[in-house]
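build me a structure from this.
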Amino acid sequence: MDHKLLDILVCPICKGRLQLTADRQGLVCRGDKLVFPIEDGIPIMLESRAAPIDSDNAPMA
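Numbering: from 1, shown residues only. This is a model prediction of the structure:
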């Protein structure tokens, strides 16, 4: 994922900063404890597609 895109993307729920997962397959919002998937290089920023995460064990880059 392009770092310029990552710099401008925010969580669609809380508008908080997102972080790329270690496997580069998702974007994590720590505030909402959600991970948004990245499919074919495109972040899917829909709340209905986000998966809950455990804030202590979220995979981070």
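
ok, now which ones touch residue 38?
Residues counted as contacts of residue 38 (Cβ atoms under 8 Å, 6 or more residues apart in numbering) are 1, 24-27, 44. Just so you know, the C-beta spots here come from the backbone N, C-alpha and C atoms, and that holds for glycine as well.

again, only using 10 Å
Residues in contact with residue 38, defined by Cβ atoms under 10 Å, 6 or more residues apart in numbering, are 1, 20-21, 23-27, 44-45.

list only buried entries from those residues.
Neighbour counting by 16 or more other Cβ atoms under 10 Å classes 20-21, 26-27, 45 among the contacts of residue 38 as buried.

just to revisit the earlier point, from the contacts of residue 38, which is closest to residue 10?
Looking at the contacts of residue 38 and their distance to residue 10, the nearest is residue 45, at 8.9 Å (Cβ to Cβ).

all strands for the protein, in order.
19-20, 26-29, 34-39, 42-43, 51-52 (DSSP state E).
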